[in-house]
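Novice: no sequence for this one, just the structure:
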C-alpha cells in the first residue's frame, strides 16, 4: 500500500511520552539504537541469564562433597592444625558416609589442588637504589588481567556485565532529564569508549583501591593491600562480598624502615605498582580477545577508570608532595593559599602536562633549577606507574572519597572538633544538655544511637556520619542565637547544617541534572557560610585545607564517574577486617604476606566451589520438581519475591482483645476514648469511599465484646524518590521494644496532602468477613504559625501535635513511609522532622519545602 505524502504545511506530531519514561542512548561504537521504555518496562541489563553448565561433581578436586564441606568449615572457623586433627579424629569415629580426610595436611593438599581454579598470587622482588645502596622488597600480587578473565568467564556474572557506555534520561512531563548512577552512565566511560579503536573492542574498566591497614593492636605491623573491582559490573555486585566483588590483588611491606625517605617511598610504591599493572600495560594498547561466559570471543581494552584512596595515598598515586606543597590538590593546580576558595576553578592536572613538566625539569643542568620547576607544581621526580596504561589519566582517575573527605575529614577533624571546643567554652551545662538530647533522639534503623557524644571521639567514620545527621536537631535549642557568647557556636552549627546538605547530596545513589545543580548550590552555600565563620573564628585554625577544597570537584566527579558509591573507599576498607583477623588468628607472625594471601586465595576457591555446589543443587531440585509436577514448564509457579509485592505488612500479632478490655486498658488515655464507636464511624465512611459496600447497606456498629488483633510491627515498602527502587521501613508500635517504648512516626497520604503523625496502635478488625488493617494515629498537623528565623537557618520542617483526643484512624495502606521526629524542647508539643535519616527523606522534605514556597 502506498503511503500518503505529508503536506508541507502539516505538522508531524511528535510521539507522546508517559511520565517517567526512560530513554537510553547507547555509545555510537555499540551499534545499538537509542530506545525509550516505559518505566515499568525498563530493564537496566538487557542480557539474558546464561545456561548454567551442569557439573555432577562440583566439589572437585575434593574427593566428596562432605570433604569439601569439612574443609570449608575449617577455613571459616580459623581452626589450627591441632584442632583440625582432633576434629577429624572425632568425625572418622562417627562418620556415616564416606569421609576421606585423614589429617590437616590432607586438607591443605586438597586446597592446593583446587588452587588453579582462579588466578593465584605471585611473588616478585624489586630492587630500588637509594644513596648508592640497593634496597629489595617482596611484592605479592595477583595478575590483574588473569583476575579479569576469571570474571569474564564466569557464567553467573556474565549476564550482568555492561560494556557499552550509556546516557540515561527520565521524562519529567516536559523534558528528558539525564541521570547518573553506574560508571557506564557517566561521561568518563563514554569518553573512554570514544578513545578506543572503532572496532568491536570494549572497555574493561578497573577500580583500584590502595591504602595501608593496621594488623596489630598498636599499629606496629601494617599491610598495604590493593583491592580491585570491575566497573563494568553493577554496584550491588561490585561492592558486594561475592565473587564479583572486590578482590585483594596486591600486598607488600614496602614502607618498613623507609619512613624518612619520602621520594624513595614514592619510587618503591610505583615500582611495585608496575608489577601489578604489567599484565594490563600492553593489552591496553592492543586489546585482548577473551572467550567469555557465552562461549564467544570478545575484544577488550583494559583501563583504570577509578582510583579509590584517601588523600595521603592520592598524593602518592599522583606523585605530588602533599599538604604543604605549593599545589596540594592531586586533581588541579589550586595554590595552597587558595584551598579555601572552593568556588574558583583552577586548571586541571593531566598526565600529559605532568610528563612535559618532568621532561623540562630533567633537562635542566643544575639541580636547583630542576627543583624549582618541580616545586612550582608540587611534583616529585618519579615515573608514574599509571602512565604505562593507555586510555588512563591518573589525575582524572583520582576522585572524591566521601568517607575520608567528609565523614572522617571535613566533619570529624574540623567542624565537629571545633564545635566540641565551642560548646566546651560555653559551659558544662550546654554539653550535658546536648548529650541528653542525643539520648532522647528517636531510634532509627541503620542510624547509630548515642547516649553522649560531647566528650568522646571515634575511629569509625559511620559514627561521625550519624552524629553529623543529628547534631543540629540536638543542639539548636541549646545554642541561643541572641546570646553574645553563643554567636560563634550558632554560626558554626549553621555551617554544619549546610555541610550536611552537601553530604546528603553526595550520598545520593542516583543523580539527576537537578540534584547535581542543587548539590552545587549546597556547596556554594556551605562555602560562603564557612567563610563567614572563619573570618570571625579566633581559634587560630586554618580553614584552607585539601579536604575542604575537594568539594570543588565533587559534582564534576559525579558527572564524570557516576554516584559516589562508585568511588568511596568505605566498601574497600571493610576488607581490612578479614585481613587483620587472618593475621591475628592464622599466622605465626612471620612471612605474613605469604600466609595471609594463601588463606585469602583459599577463601576465594571455597566461595567458587560453594557457588558451583549451589548451582548443582538447584538443577537437581528443579528436575525433581518437574518430575513431581509432570510438567516441563513451571511458569505458573514463577511468583515474584513476595516482599516486593505489598505496600504494607503487619507483624508481631498479639492476642485478640475485646473493645471493652482495650478501652479499659487505656482508660487514662484520651486517644482511646470511645474507641469502638469512632472506629465504626471511620469504617462506615471509608469503606464506601473505596468501593467496599457496607454490610446490609447499614452503618457499622461494634459491640463491646467484639474483638480486634493488635500488631506491634509494620513493614512499609515504598518507592524511593532517589533511585526509584523499592525501599523498606521497619516500624514499631510497641510499649516495650528492647526495653524501650517505641511508637514510630509516619507520613500519611491524606486528601489535604502528606501529614505527619505518631502511631499509637496498629490492629486488624474483621467486618463482614473481610480483615482491615488500621492504624490509630496521633496527628501532628496543628497550625505552627509564622516560621522563625532559626527554623529558616536550620531548614527545619516544624509540626505541632493536636490534642491527643483528636487522634484518628487511618487505613494502614495510607502510610507513605516512616519518619523520625524529635521534640523541640523549647516549645512543648512541637516536633522537628529529621530530614537527614536517609537520602529519600532528605529529597522528600526538599520537595515539601518547595511546595510550601520555602527555600529549604
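Specialist: Structure's in. What do you need? These numbers were taken from a predicted model, which means no experiment stands behind them.
Novice: and residue 81, how far from residue 74?
Specialist: 10 Å (C-beta to C-beta, to the nearest Å). From N, CA and C alone the C-beta is placed, and that goes for glycine too.
Novice: check residue 133 too.
Specialist: Residue 133 is 45 Å from residue 74, by C-beta to C-beta.
Novice: between residue 81 and residue 74, which is the more surrounded one?
Specialist: Legend: neighbour count by other C-beta atoms under 10 Å for residue 81 and residue 74, higher for residue 74 (22 against 13).
Novice: quickly find the element holding the nearest residue to that one once chain neighbours are set aside.
Specialist: Spatial nearest neighbour of residue 74, chain neighbours left out: residue 84 (5.3 Å); criterion: C-beta to C-beta, 6 or more residues apart in numbering. In this structure, residue 84 is located in helix 81-94 according to DSSP states H and E.
Novice: helices or strands next to whichever helix or strand comes after that helix in the packing?
Specialist: Note on helix 81-94: by DSSP H and E, the next helix or strand toward the C-terminus is helix 104-114. In terms of contacts (3 or more C-beta pairs under 8 Å, 6 or more residues apart in numbering; DSSP states H and E), helix 104-114 is packed against helix 65-77, helix 81-94, helix 592-629.
Novice: how much does helix 104-114 deviate in direction from helix 65-77?
Specialist: For helix 104-114 against helix 65-77, the angle by axes from the mean of the first three to the mean of the last three C-alpha atoms, to 10 degrees is 100 degrees.
Novice: how much does whatever helix or strand comes next after helix 104-114 deviate in direction from helix 592-629?
Specialist: Using DSSP H and E, the helix or strand that directly follows helix 104-114 along the chain is strand 122-130. Relative orientation of strand 122-130 versus helix 592-629 (the same axes, to 10 degrees): 150 degrees.
Novice: and strand 122-130, what's buried?
Specialist: Neighbour-count burial for strand 122-130 flags 126, 128 (criterion: 16 or more other C-beta atoms under 10 Å).
Novice: what is that strand packed up against?
Specialist: strand 133-141, helix 262-277.
Novice: and of these, who's closest to residue 596?
Specialist: Smallest distance to residue 596 across the helices and strands packed on strand 122-130 (C-beta to C-beta): 8.9 Å, for strand 133-141.
Novice: centre of the chain versus that closest one, how much separation?
Specialist: Distance of strand 133-141 from its chain centroid, counting by C-alpha atoms, centre = their mean, to the nearest Å, is 36 Å.
Novice: isn't residue 544 up against residue 335?
Specialist: No - using C-beta atoms under 8 Å, residue 544 is not in contact with residue 335; the gap is 9.9 Å.
Novice: who's more crowded, these two?
Specialist: Each of residue 544 and residue 335 has its neighbours counted (other C-beta under 10 Å); residue 544 has more, 17 against 14.
Novice: the more buried one belongs to a strand?
Specialist: No - counting by DSSP: H, G, I helix; E, B strand; the rest coil, residue 544 falls outside a strand, being coil.
Novice: show the pLDDT at it.
Specialist: Per-residue pLDDT puts residue 544 at 95.
Novice: start at 43 instead
Specialist: That works, and once the first residue is 43, the last one we named lands at residue 586.
Novice: what sits against it?
Specialist: Shown in contact with residue 586 (C-beta atoms under 8 Å, 6 or more residues apart in numbering): 378, 379, 380, 381, 382, 383.
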